[in-house]
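> Take a look and give me a structure for this.
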Amino acid sequence: MSRAAETPVLLLNAPLTGQRLGYGDLSGLDLLELWAFLHPARFLVPTPKGLAQALDLPVPAREQDVPTLLREATIKLLSHAAQGAAWAEREGAWTAAQSLHRLRWPWAPIVGPHIPRPAEAERWLFSRLREWNEEAPRPAPRPVVLTPDAVQARLAELTGAGAEPRPGQRDYAIAASTVFAPRTSRDRPNMVLTEAGTGIGKTLGYLAPASLWAEQAGGTVWISTYTKALQRQLDAETARLPGEGPRRTGRVVVRKGRENYLCLLNLEDALQGGFSGRAAILAQLVARWAAYSKDGDMVGGDLPGWLPTLFRRNGSTALTDRRGECIYAGCPHYRKCFIERGVRDSAHADIVIANHALVMINAARGRETGNAPTRIIFDEGHHIFEAADSTFALALTGQEAIELRRWVIGPEGTSRGRRRGLAARLADVASYDAEGAMAIEQARDAATALPSDDWLKRVTSGDPFGPVEALLAATRAHVYARAENGKADVDAGYGLETELAEPDGELVDAAMAAAETLDSLLKPLNHLGKRLETILADGPDWMDGPARARIEGAIGSLGWRTDLVSGWLALLARIGGPNDPDFVDWLAVDRYEGREYDIGLHRHWLDPTRPFAETVLKPAHGVMLTSATLRGGDGDWASAEARSGTLHLGASPLHFEATSPFDYAAQAEVLIVTDVKRGDIGALAGAYARLIEAAGGGTLGLFTAIRRLRAVHARIADRLARAALPLYAQHVDPIDTGTLVDIFRDDMRASLLGTDALRDGVDVPGHSLRLLVMEGVPWPKPTVLHAARKLAAIRNGGGSAYDDAIIRARLAQAFGRLIRRADDKGSFVILSAAMPSRLLNAFPPAVPIRRVTLDEAVISVSERLGFATPLVHQTGESGMTHL
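Numbers count the residues shown, from 1 in each chain. Next up is the predicted model:
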């Protein structure tokens with residue numbers, strides 16, 4: 001390590017290499033940074049094998065061959081820079097290299113001489129990005145009826161002439177087409193619930209009628225997913241649609257929340273001195289990427305997921321709009337904004353690939369009313385309940401309150417950055433309208449009573465400032481006082497919560513004072529919104545197009561904040577007042593490994609599908625929810641209807657079921673290990689290690705607790721490394737989840753440990769995933785919210801079925817990761833003797849299920865899955881060499 005600190009070292013993924021070597025600050029010449037500079041927006045699996053394949057170099061057969069690869073890769077990458085016009089990403093590189101040299105980027109002195117100086121000055125990034133243009137509103141879709149023959153013909157066109165016949169897929173496509181029939185009743189969309197097993201071909205099954213209807217009716221179909229992984233998969237599948245380059249012509253548009261996209265104003269601030277050190281280098285590399293990105297998506301798009309992790313995520317989040325600070329038409333880059341371009345492109349697209357949260361938030365906040373989805377397909381439909389639960393929830397916490405303060409007031413004290421308060425955003429309005437100016441000033445004065453910087457320190461030390469901080473202090477005291485297991489709960493380090501019931505006098509008094517403060521803020525915000533609407537109606541001479549757009553954006557942002565504050569006031573009225581049976585309210589202290597990071601009050605709908613049905617389903621003309629596990633693994637359509645919102649529509653939906661074509665009896669097995677003692681981390685780690693060795697890698701390990709995941713990883717990583725079995729883990733390795741899955745998919749000897757995020761949306765067909773191990777039964781976490789919903793289910797005659805349905809769904813979703821193709825084989829192992837037999841119907845009926853000892857499980861896995869993998873798959877996950 002002393003040599004690495006003294007001399008230039010070629011590295012591949014410095015943070016990961018340093019972590020594996022126990023040297024966290026390892027630095028040098030990271031080839032991933034060079035790749036990001038030379039080939040921005042190009043995909044690369046960040047491993048020696050991935051680098052070799054991307055550069056068409058021999059894949060190293062042994063660990064000791066990796067240094068040679070790194071040297072050869074460096075030479076080849078530098079040769080790309082000297083290719084001139086043949087280098088696709090040449091424009092802007094020379095200018096960026098000069099900026100990076102001034103920032104002392106380690107690669108700059110090496111790569112700079114290989115880039116010829118251009119004859120003419122290169123265009124700046126912001127002059128190269130294309131502008132979006134306003135277009136006339138799209139006409140309403142024409143009423144059309146899709147015939148089964150036409151749907152089957154389109155399906156055949158998508159699957160290709162050589163595809164094997166799939167009767168289940170054909171029937172599924174015809175069932176999906178009923179969504180697009182003309183609606184017969186207001187507030188009653190054509191509703192279809194479909195459960196199609198893995199291997200049916202759902203994606204092309206619904207793309208066939210969706211694309212056909214969009215062409216014939218001239219309308220837009222929104223396809224919504226829960227995970228970014230499925231969004232990316234769908235985006236790739238749409239390349240099959242007929243016509244030349246559908247995505248290039250805008251027929252297919254991917255939409256995500258604003259926080260996923262690069263903010264050009266934030267980037268400009270970073271490039272002009274807002275960032276320093278390594279963060280400034282990252283900003284330059286992101287600027288290189290932005291010039292070649294398809295849509296500016298920084299999270300799950302074409303920005304390499306590993307790039308921010310190379311910089312310890314230092315600065316990457318500041319390049320997106322995560323705090324609702326967008327100034328819309330007031331931004332000098334508004335006409336080139338990636339987000340605004342996506343909004344306008346989606347209004348004229350055939351297919352919009354979105355996510356559940358975006359669809360719901362847009363509907364709830366009244367965004368894009370002229371572009372509201374009317375034909376929607378919710379893939380991963382089993383997550384609608386969770387998505388609605390999150391979207392329609394309310395939280396009055398310290399972090400939420402300080403964000404509202406910053407939005408109203410803007411920068412305070414020594415804080416820097418481009419955040420602007422209401423007065424700065426609406427300066428022209430204030431100079432024109434006296435009442436509006438007064439409302440802005442009153443709102444600013446009222447916002448000073450909200451929590452400010454260091455609020456958490458003051459609250460925890462017993463010295464709160466202002467009524468809202470006093471409320472948070474009373475909330476914290478109330479939670480700690482009612483910790484059910486006393487000191488044991490506090491010492492455990494996890495978050496604490498308690499039901500909002502029978503509050504003490506201190507909490508009631510604090511709530512009343514905080515409500516007065518919030519009400520004094522709400523009134524001027526409401527008045528300002530009315531003044532802005534009046535100004536829009538009057539249309540003064542100074543109001544040009546950008547000014548109008550800026551005011552319209554301000555009205556939308558004000559509406560969101562006034563709704564938020566109104567919700568907070570309703571929640572505070574509940575303290576000491578009557579209970580609202582539609583909601584579940586509780587108090588919480590959020591902690592991570594014993595460290596408090598937020599405090600507040602929370603409100604969730606008891607049944608979040610009620611607001612989902614009102615805001616999303618009823619305005620739509622046709623909606624389909626589809627999933628391989630829509631019924632939760634128990635075959636009950638009633639639970640699917642209850643968790644999808646269809647019970648609130650007053651009409652029964654169409655049901656469709658297609659079973660998986662796979663031969664599960666021959667392809668899979670479920671093993672329940674009975675002799676791993678619960679709570680024994682050593683035994684749990686030993687079981688994981690033996691099973692992974694028996695399978696020769698290719699293992700996905702799922703945990704319900706991050707702490708146990710880390711403990712197991714720490715015990716087995718070295719052991720598996722000595723056996724040439726790479727092990728990766730969420731919450732351990734400095735790599736984002738998407739890249740971890742890419743690495744896992746690319747190396748048949750690699751294994752991956754993770755939590756719930758890996759139970760869904762992970763598509764790893766073939767031998768790369770052949771063993772799935774769960775640490776135990778995925779019991780629901782006993783939260784206040786869960787207890788309330790379980791009690792409601794019991795009152796409705798559900799009994800223990802509520803918990804069972806959740807567990808079955810989780811088991812079915814996890815099992816669905818294992819067998820993805822007709823030639824896949826795999827074992828599903830549960831390390832818990834407590835697995836109840838009543839839950840085993842979560843698995844397909846034909847799957848053999850056995851209760852075995854660990855020794856028997858290891859033998860079974862070895863016989864079914866163990867195989868000698870060629871050395872070409874034994875390369876390590878990282879490497880370094882001296883230059």
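> can you pull the contacts of the nearest residue to Ala217 once chain neighbours are set aside?
Once flanking residues are discounted, Ala217 sits nearest to Pro141: 4.0 Å by CB to CB, 6 or more residues apart in numbering. Glycine gets a C-beta too; all of them are placed from N, C-alpha and C. Contacts for Pro141 (CB atoms under 8 Å, 6 or more residues apart in numbering) come out as 217-220, 374-375.
> and the gap between Pro141 and Thr374?
Relative to Thr374, Pro141 is positioned 7 Å away (criterion: CB to CB, to the nearest Å).
> repeat for Pro8
With CB to CB as the criterion, Pro8 and Thr374 are 59 Å apart.
> out of these two, which sits in the busier spot?
Neighbours per residue (other CB atoms under 10 Å) separate Pro8 from Thr374, with Thr374 holding more: 18 against 14.
> do you know how far the more buried one is from Arg232?
Per CB to CB, Thr374 is found 25 Å from Arg232.
> Overlap in contacts, Pro141 and Thr374.
By CB under 8 Å, 6+ apart, the residues touching both Pro141 and Thr374 are Gly219.
> can you count the residues close to Ala501?
For Ala501, the neighbour count with other CB under 10 Å is 11.
> Could you check the pLDDT of it?
Ala501 is assigned 91 on the pLDDT scale.
> tell me the SS of it?
coil (DSSP: H, G, I helix; E, B strand; the rest coil).
> Tell me how far the nearest residue to it once chain neighbours are set aside lies from Ile535.
Nearest non-adjacent residue to Ala501, counting by CB to CB, 6+ apart: Asn579, 7.8 Å away. According to CB to CB, Asn579 and Ile535 sit 42 Å apart.
> okay, these two: which has more neighbours?
Legend: neighbour count by other CB under 10 Å for Asn579 and Ile535, higher for Ile535 (21 against 11).
> gap between the more buried one and Thr562?
Note on Ile535: its distance to Thr562, by CB to CB, is 17 Å.
> any idea whether the residue nearest to Ala217 is helix, strand or coil?
coil.
> Show the model's pLDDT score for it.
94.
> Count the residues that sit near Glu400.
16.
> secondary structure element for Arg591?
Here Arg591 sits within strand 583-592, counting by DSSP states H and E.
> in the stretch 501-650 of the chain, which spans are helices?
Taking DSSP state H, counting those that start in this stretch as the criterion, the stretch 501-650 of the chain carries its helices at 505-538, 545-574, 609-612, 637-642.
> Rebuild those helices as a markdown table, extending it with distance to Trp94 and mean pLDDT.
Shown next, in a markdown table, are the helices of the stretch 501-650 of the chain (distance: least, CB to CB, whole Å; pLDDT from 0 to 100):
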| stretch | distance to Trp94 | mean pLDDT |
| --- | --- | --- |
| helix 505-538 | 46 | 94 |
| helix 545-574 | 34 | 88 |
| helix 609-612 | 52 | 97 |
| helix 637-642 | 58 | 91 |
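> so of those helices, which one's packed in deepest?
Stretch with highest mean neighbour count among the helices of the stretch 501-650 of the chain: helix 609-612 (a mean of 21; mean count of other CB atoms under 10 Å).
> Please enumerate residues in contact with the strand holding Arg591?
Strand 583-592 is contacted by residues 397, 475-476, 478-480, 493-500, 571, 574, 596-606, 784-785, 788-789 when judged by CB under 8 Å, 6+ apart.
> Distance of Thr609 relative to Val616?
Applying CB to CB, the value for Thr609 to Val616 is 10 Å.
> Now His655, what are its backbone angles?
phi -110, psi 140 (degrees, to the nearest 10).
> Neighbours of it, how many?
By other CB under 10 Å, 15 other residues sit near His655.
> ok, now Pro608?
Pro608 has 23 neighbours, counted by other CB under 10 Å.
> which residues touch it?
Pro608 makes contacts with 385, 388-389, 391-393, as judged by CB under 8 Å, 6+ apart.
> What's the separation between it and Leu649?
According to CB to CB, Pro608 and Leu649 sit 15 Å apart.
> hang on, the earlier thing: list the buried residues of the strand holding Arg591.
Across strand 583-592, burial judged by 16 or more other CB atoms under 10 Å covers 583-591.
> for stretch 25-37, same thing?
Under 16+ other CB under 10 Å, the buried positions of stretch 25-37 are 26-37.
> Now Ile859: closest residue in space that isn't a chain neighbour?
According to CB to CB, 6+ apart, the nearest residue to Ile859 is Ala694 (7.8 Å).
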